[in-house]
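**Q** A predicted structure for the sequence below; I have some questions about it.
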Amino acid sequence: MTSETATAEAATASGSWTLGDLRVRRIGFGTMRLPQHGAAFAPGSPPRDRAQAIRVLRRAVDLGVNHLDTAAFYFSALRSANELINRALAPYPDDLVITTKVGPGRGPAGDWLPHARPEQLRGQVEENLRQLGRDHLDVVNLRVLGTDSIAERFGVLAELREAGLIRQLGLSNVTADQLAEARAVAPVVCVQNLYGVGDATGERQALLRDCGEQGIAYVPFYSIAGPGREAGARGAELPEVLAVARAHGVTAAQVRIAWTLHQGPHVLAIPGTGDLAHLAENVAAGALRLTEAELAELNALG
(Lines give C-alpha, C1' and ligand atoms only; values in the text may rest on other atoms or scores of the structure.)
Protein backbone atom coordinates (compact mmCIF):
# COMPACT_ATOMS: atom_id res chain seq x y z
CA MET A 1 0.00 0.00 0.00
CA THR A 2 2.88 2.30 -0.84
CA SER A 3 3.45 4.87 -3.55
CA GLU A 4 5.12 2.17 -5.64
CA THR A 5 2.02 -0.04 -5.64
CA ALA A 6 -0.56 2.67 -6.32
CA THR A 7 -2.37 2.18 -9.62
CA ALA A 8 -5.72 3.02 -11.13
CA GLU A 9 -6.96 -0.24 -9.61
CA ALA A 10 -6.45 1.27 -6.15
CA ALA A 11 -8.90 4.06 -6.92
CA THR A 12 -11.31 1.51 -8.35
CA ALA A 13 -10.95 -0.63 -5.23
CA SER A 14 -12.43 2.18 -3.15
CA GLY A 15 -15.79 1.60 -4.85
CA SER A 16 -18.01 4.21 -6.42
CA TRP A 17 -21.05 6.37 -5.69
CA THR A 18 -23.46 8.39 -7.80
CA LEU A 19 -23.85 12.14 -7.27
CA GLY A 20 -27.24 12.46 -8.93
CA ASP A 21 -26.36 11.22 -12.41
CA LEU A 22 -22.58 11.52 -11.97
CA ARG A 23 -20.66 8.36 -11.08
CA VAL A 24 -17.48 8.94 -9.05
CA ARG A 25 -14.92 6.75 -7.36
CA ARG A 26 -15.03 7.06 -3.60
CA ILE A 27 -11.40 8.17 -3.36
CA GLY A 28 -11.11 11.67 -4.79
CA PHE A 29 -8.75 14.63 -4.57
CA GLY A 30 -9.12 17.92 -2.71
CA THR A 31 -7.30 20.97 -4.08
CA MET A 32 -7.43 23.36 -1.10
CA ARG A 33 -3.73 23.07 -0.29
CA LEU A 34 -2.52 22.62 -3.86
CA PRO A 35 -1.85 26.34 -4.68
CA GLN A 36 0.66 26.80 -1.83
CA HIS A 37 3.04 25.09 0.56
CA GLY A 38 2.06 25.08 4.21
CA ALA A 39 -1.25 26.33 5.52
CA ALA A 40 -4.01 27.14 3.08
CA PHE A 41 -5.12 30.80 3.04
CA ALA A 42 -2.17 31.96 5.18
CA PRO A 43 -0.71 35.20 3.72
CA GLY A 44 2.85 33.98 4.18
CA SER A 45 2.41 30.55 2.58
CA PRO A 46 4.76 30.28 -0.42
CA PRO A 47 3.10 29.40 -3.75
CA ARG A 48 3.64 25.88 -5.01
CA ASP A 49 5.65 25.30 -8.17
CA ARG A 50 3.17 25.42 -11.07
CA ALA A 51 4.69 22.49 -12.94
CA GLN A 52 4.64 20.36 -9.79
CA ALA A 53 0.97 21.15 -9.10
CA ILE A 54 0.07 20.27 -12.69
CA ARG A 55 1.94 16.97 -12.42
CA VAL A 56 0.03 16.10 -9.25
CA LEU A 57 -3.35 16.75 -10.88
CA ARG A 58 -2.50 14.74 -13.98
CA ARG A 59 -1.13 11.90 -11.88
CA ALA A 60 -4.32 11.83 -9.79
CA VAL A 61 -6.34 11.21 -12.95
CA ASP A 62 -3.80 8.61 -14.11
CA LEU A 63 -4.36 6.79 -10.81
CA GLY A 64 -8.09 6.58 -11.46
CA VAL A 65 -9.33 9.59 -9.49
CA ASN A 66 -12.36 11.13 -11.22
CA HIS A 67 -13.69 13.42 -8.47
CA LEU A 68 -11.97 16.73 -7.74
CA ASP A 69 -13.00 19.17 -5.02
CA THR A 70 -12.17 22.85 -5.56
CA ALA A 71 -13.34 26.44 -5.11
CA ALA A 72 -12.62 29.85 -6.62
CA PHE A 73 -11.41 31.01 -3.19
CA TYR A 74 -8.67 28.34 -3.18
CA PHE A 75 -5.75 30.51 -4.24
CA SER A 76 -2.36 31.74 -3.05
CA ALA A 77 -0.33 34.76 -4.08
CA LEU A 78 0.43 33.27 -7.52
CA ARG A 79 -1.67 30.12 -7.89
CA SER A 80 -5.39 29.36 -8.26
CA ALA A 81 -6.68 25.81 -7.79
CA ASN A 82 -9.29 26.26 -10.52
CA GLU A 83 -6.79 27.60 -13.02
CA LEU A 84 -4.35 24.80 -12.21
CA ILE A 85 -7.12 22.26 -12.87
CA ASN A 86 -7.92 23.97 -16.17
CA ARG A 87 -4.28 24.03 -17.24
CA ALA A 88 -3.60 20.45 -16.20
CA LEU A 89 -6.72 18.64 -17.36
CA ALA A 90 -8.58 20.56 -20.08
CA PRO A 91 -10.00 19.28 -22.32
CA TYR A 92 -11.52 17.34 -19.44
CA PRO A 93 -11.99 13.55 -19.43
CA ASP A 94 -15.62 12.60 -19.97
CA ASP A 95 -15.92 10.91 -16.57
CA LEU A 96 -14.22 13.65 -14.54
CA VAL A 97 -16.51 15.30 -11.96
CA ILE A 98 -15.45 18.67 -10.56
CA THR A 99 -17.19 19.80 -7.39
CA THR A 100 -16.84 23.43 -6.35
CA LYS A 101 -18.15 25.65 -3.57
CA VAL A 102 -19.76 29.07 -3.37
CA GLY A 103 -20.65 31.26 -0.42
CA PRO A 104 -17.25 32.37 0.89
CA GLY A 105 -15.21 34.91 -1.07
CA ARG A 106 -11.75 36.46 -0.92
CA GLY A 107 -10.46 39.75 -2.25
CA PRO A 108 -7.48 40.01 -4.63
CA ALA A 109 -5.10 40.26 -1.67
CA GLY A 110 -6.57 37.13 -0.11
CA ASP A 111 -8.62 38.86 2.57
CA TRP A 112 -11.89 37.14 3.45
CA LEU A 113 -15.10 38.86 2.37
CA PRO A 114 -18.55 38.49 3.94
CA HIS A 115 -20.34 35.38 2.75
CA ALA A 116 -22.19 35.99 -0.50
CA ARG A 117 -25.71 37.32 -0.39
CA PRO A 118 -28.28 35.61 -2.62
CA GLU A 119 -27.82 38.19 -5.39
CA GLN A 120 -24.03 37.59 -5.37
CA LEU A 121 -24.11 33.83 -5.82
CA ARG A 122 -24.57 33.89 -9.59
CA GLY A 123 -21.38 35.92 -9.89
CA GLN A 124 -19.50 33.33 -7.85
CA VAL A 125 -20.84 30.52 -10.05
CA GLU A 126 -19.75 32.43 -13.16
CA GLU A 127 -16.31 33.02 -11.63
CA ASN A 128 -15.86 29.26 -11.26
CA LEU A 129 -17.05 28.72 -14.83
CA ARG A 130 -14.50 31.21 -16.18
CA GLN A 131 -11.59 29.84 -14.19
CA LEU A 132 -12.36 26.22 -15.05
CA GLY A 133 -13.13 27.02 -18.68
CA ARG A 134 -16.50 25.29 -18.67
CA ASP A 135 -20.04 26.12 -19.73
CA HIS A 136 -21.55 24.31 -16.73
CA LEU A 137 -20.43 23.11 -13.30
CA ASP A 138 -20.84 19.45 -12.36
CA VAL A 139 -21.62 19.96 -8.66
CA VAL A 140 -21.87 23.20 -6.67
CA ASN A 141 -21.92 23.12 -2.88
CA LEU A 142 -23.35 26.01 -0.92
CA ARG A 143 -20.82 26.55 1.87
CA VAL A 144 -22.66 27.71 4.97
CA LEU A 145 -21.52 29.75 7.96
CA GLY A 146 -23.82 29.60 10.99
CA THR A 147 -27.26 28.13 11.54
CA ASP A 148 -29.47 30.70 9.80
CA SER A 149 -31.95 29.80 7.07
CA ILE A 150 -30.36 28.85 3.75
CA ALA A 151 -33.54 28.51 1.68
CA GLU A 152 -33.15 31.79 -0.23
CA ARG A 153 -29.50 31.21 -1.10
CA PHE A 154 -30.05 27.58 -2.04
CA GLY A 155 -33.02 28.68 -4.12
CA VAL A 156 -30.71 30.87 -6.24
CA LEU A 157 -28.51 27.85 -6.97
CA ALA A 158 -31.59 25.80 -7.80
CA GLU A 159 -32.58 28.43 -10.37
CA LEU A 160 -29.08 28.29 -11.89
CA ARG A 161 -29.43 24.52 -12.06
CA GLU A 162 -32.68 24.89 -13.95
CA ALA A 163 -30.93 27.32 -16.29
CA GLY A 164 -28.27 24.72 -17.09
CA LEU A 165 -25.28 26.38 -15.40
CA ILE A 166 -25.15 23.73 -12.67
CA ARG A 167 -25.77 20.01 -12.98
CA GLN A 168 -26.10 18.94 -9.32
CA LEU A 169 -26.28 20.70 -5.94
CA GLY A 170 -24.73 20.02 -2.57
CA LEU A 171 -24.07 21.61 0.81
CA SER A 172 -21.05 22.21 3.01
CA ASN A 173 -20.77 22.77 6.76
CA VAL A 174 -24.48 22.38 7.45
CA THR A 175 -26.78 21.14 10.18
CA ALA A 176 -29.45 18.47 9.79
CA ASP A 177 -32.12 21.20 9.82
CA GLN A 178 -30.37 23.10 7.02
CA LEU A 179 -30.12 19.92 4.96
CA ALA A 180 -33.85 19.34 5.36
CA GLU A 181 -34.54 22.97 4.43
CA ALA A 182 -32.44 22.68 1.27
CA ARG A 183 -34.04 19.38 0.23
CA ALA A 184 -37.42 21.09 0.31
CA VAL A 185 -36.08 23.47 -2.37
CA ALA A 186 -34.12 21.14 -4.69
CA PRO A 187 -32.36 17.74 -4.65
CA VAL A 188 -29.13 17.54 -2.66
CA VAL A 189 -26.52 15.02 -3.86
CA CYS A 190 -23.75 15.57 -1.29
CA VAL A 191 -22.92 17.06 2.10
CA GLN A 192 -19.37 18.16 2.97
CA ASN A 193 -18.92 18.40 6.74
CA LEU A 194 -16.14 18.06 9.27
CA TYR A 195 -15.62 14.40 10.14
CA GLY A 196 -12.66 12.21 10.94
CA VAL A 197 -11.02 9.92 13.47
CA GLY A 198 -11.48 11.63 16.82
CA ASP A 199 -13.92 14.16 15.33
CA ALA A 200 -16.90 11.84 14.85
CA THR A 201 -19.27 13.30 17.43
CA GLY A 202 -22.74 11.87 17.93
CA GLU A 203 -24.32 14.74 16.00
CA ARG A 204 -21.95 14.25 13.07
CA GLN A 205 -22.51 10.49 13.07
CA ALA A 206 -26.28 11.03 13.02
CA LEU A 207 -26.04 13.33 10.00
CA LEU A 208 -23.78 10.84 8.22
CA ARG A 209 -26.35 8.10 8.79
CA ASP A 210 -29.19 10.35 7.67
CA CYS A 211 -27.37 11.12 4.44
CA GLY A 212 -26.92 7.43 3.75
CA GLU A 213 -30.60 6.75 4.29
CA GLN A 214 -31.48 9.57 1.87
CA GLY A 215 -28.99 8.47 -0.80
CA ILE A 216 -26.82 11.55 -0.27
CA ALA A 217 -23.03 11.33 -0.40
CA TYR A 218 -21.25 12.36 2.78
CA VAL A 219 -17.86 13.94 2.04
CA PRO A 220 -15.75 14.63 5.14
CA PHE A 221 -13.24 17.46 5.13
CA TYR A 222 -10.10 17.63 7.31
CA SER A 223 -10.29 13.84 7.68
CA ILE A 224 -6.47 13.60 7.47
CA ALA A 225 -5.53 16.96 8.98
CA GLY A 226 -7.65 16.51 12.10
CA PRO A 227 -7.11 19.47 14.45
CA GLY A 228 -4.54 20.90 12.02
CA ARG A 229 -7.40 21.97 9.72
CA GLU A 230 -6.10 24.29 6.93
CA ALA A 231 -2.50 23.75 8.03
CA GLY A 232 -2.67 20.00 7.43
CA ALA A 233 -1.64 17.25 9.84
CA ARG A 234 0.20 18.74 12.78
CA GLY A 235 1.67 17.43 16.03
CA ALA A 236 1.68 13.91 17.41
CA GLU A 237 -0.67 11.37 15.83
CA LEU A 238 -3.09 9.43 18.04
CA PRO A 239 -1.40 6.26 19.33
CA GLU A 240 -4.38 4.14 18.29
CA VAL A 241 -4.02 5.32 14.69
CA LEU A 242 -0.28 4.64 14.75
CA ALA A 243 -0.85 1.12 16.07
CA VAL A 244 -3.21 0.29 13.19
CA ALA A 245 -0.78 1.81 10.72
CA ARG A 246 2.06 -0.37 12.03
CA ALA A 247 -0.10 -3.48 11.82
CA HIS A 248 -0.74 -2.87 8.12
CA GLY A 249 2.62 -1.38 7.21
CA VAL A 250 1.02 1.88 6.05
CA THR A 251 1.00 5.53 7.12
CA ALA A 252 -1.30 7.14 9.65
CA ALA A 253 -2.83 9.23 6.85
CA GLN A 254 -3.71 6.06 4.95
CA VAL A 255 -5.42 4.66 8.04
CA ARG A 256 -7.47 7.84 8.42
CA ILE A 257 -8.55 7.71 4.76
CA ALA A 258 -9.44 4.01 4.99
CA TRP A 259 -11.41 4.62 8.19
CA THR A 260 -13.35 7.36 6.41
CA LEU A 261 -14.29 5.04 3.56
CA HIS A 262 -15.35 2.34 6.03
CA GLN A 263 -18.05 4.62 7.48
CA GLY A 264 -20.52 3.74 4.73
CA PRO A 265 -20.78 3.13 0.98
CA HIS A 266 -22.03 6.70 0.54
CA VAL A 267 -18.96 8.24 2.24
CA LEU A 268 -16.38 9.75 -0.12
CA ALA A 269 -12.79 10.82 0.64
CA ILE A 270 -11.15 13.91 -0.86
CA PRO A 271 -7.62 14.02 0.63
CA GLY A 272 -5.40 16.69 -0.85
CA THR A 273 -1.67 17.08 -1.29
CA GLY A 274 0.91 18.74 -3.51
CA ASP A 275 3.33 15.83 -3.23
CA LEU A 276 3.36 13.00 -5.78
CA ALA A 277 4.37 10.34 -3.27
CA HIS A 278 1.68 11.37 -0.80
CA LEU A 279 -0.86 11.40 -3.62
CA ALA A 280 -0.03 7.80 -4.51
CA GLU A 281 -0.29 6.78 -0.85
CA ASN A 282 -3.65 8.50 -0.50
CA VAL A 283 -5.07 6.75 -3.55
CA ALA A 284 -3.64 3.40 -2.43
CA ALA A 285 -5.55 3.79 0.85
CA GLY A 286 -8.72 3.14 -1.14
CA ALA A 287 -7.76 -0.54 -1.18
CA LEU A 288 -6.88 -0.75 2.55
CA ARG A 289 -9.26 -2.92 4.57
CA LEU A 290 -9.43 -2.50 8.34
CA THR A 291 -10.58 -5.25 10.69
CA GLU A 292 -13.74 -5.00 12.77
CA ALA A 293 -11.62 -4.74 15.92
CA GLU A 294 -9.55 -1.90 14.43
CA LEU A 295 -12.65 -0.05 13.32
CA ALA A 296 -14.23 -0.42 16.77
CA GLU A 297 -11.11 0.99 18.43
CA LEU A 298 -10.91 3.95 16.04
CA ASN A 299 -14.65 4.58 16.25
CA ALA A 300 -14.41 4.82 20.02
CA LEU A 301 -12.04 7.79 19.69
CA GLY A 302 -14.94 9.96 18.58
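**A** Perfect, I can see it now.
**Q** helices of the stretch 101-250 of the chain, residue ranges please.
**A** Ranges of helices in the stretch 101-250 of the chain, per DSSP state H, counting those that start in this stretch, are 121-132, 151-162, 176-183, 202-213, 239-248.
**Q** quick check: mean pLDDT of the shortest one?
**A** By that I understand helix 176-183. Confidence for helix 176-183, expressed as mean pLDDT, is 98.
**Q** and the angle from that helix to helix 151-162?
**A** Angle, helix 176-183 to helix 151-162, by axes from the mean of the first three to the mean of the last three CA atoms, to 10 degrees: 40 degrees.
**Q** gap between residue 12 and residue 283?
**A** From residue 12 across to residue 283, the span is 10 Å (CB to CB, to the nearest Å). C-beta: built from backbone N, CA, C; applies to glycine.
**Q** these two: which has the busier surroundings?
**A** Set residue 12 next to residue 283 and count neighbours by other CB atoms under 10 Å: residue 283 wins out with 32 against 16.
**Q** now name the helix or strand holding the more buried one.
**A** Assigned by DSSP states H and E, residue 283 belongs to helix 276-284.
**Q** packing partners for that helix?
**A** Helices and strands touching helix 276-284, by 3 or more CB pairs under 8 Å, 6 or more residues apart in numbering; DSSP states H and E, are helix 8-13, helix 50-62, helix 252-261.
**Q** from what I see, residue 36 and residue 46 are in contact.
**A** Yes. Shown here, residue 36 and residue 46 form a contact pair, counting by CB atoms under 8 Å, at 6.4 Å.
**Q** quick check: neighbours shared by these two?
**A** Jointly contacting residue 36 and residue 46 under the rule CB atoms under 8 Å, 6 or more residues apart in numbering are residue 76.
**Q** neighbour count: the two, which is higher?
**A** Just comparing residue 36 and residue 46: by other CB under 10 Å the higher neighbour count belongs to residue 36, 24 against 12.
**Q** what's the spacing between that one and residue 98?
**A** Residue 36 is 20 Å from residue 98, where distance means CB to CB.
**Q** name the nearest residue to the residue nearest the centre of the chain, ignoring sequence neighbours.
**A** The residue lying closest to the centre of the chain (CA atoms, centre = their mean) is residue 270, at 4.1 Å. Spatial nearest neighbour of residue 270, chain neighbours left out: residue 30 (4.0 Å); criterion: CB to CB, 6 or more residues apart in numbering.
**Q** give me the phi and psi for the one you found.
**A** Here is the backbone geometry of residue 30 (degrees, to the nearest 10): phi -100, psi 140.
**Q** the one 5 residues further on now?
**A** Listed backbone geometry of residue 35 is phi -70, psi -10, with angles given as degrees, to the nearest 10.
**Q** residues contacting the residue lying closest to it once chain neighbours are set aside?
**A** Closest residue to residue 35 apart from its sequence neighbours, by CB to CB, 6+ apart: residue 79 at 3.6 Å. The contact partners of residue 79, by CB under 8 Å, 6+ apart, come to 34-36, 47-48, 50, 53.
**Q** tell me the two of those residues that are most distant?
**A** Pairwise distances across those (CB to CB) peak at 11.7 Å, for the pair 36 and 50.
**Q** may I see the buried residues of stretch 48-56?
**A** For stretch 48-56, the neighbour count (16 or more other CB atoms under 10 Å) marks 48, 53-54, 56 as buried.
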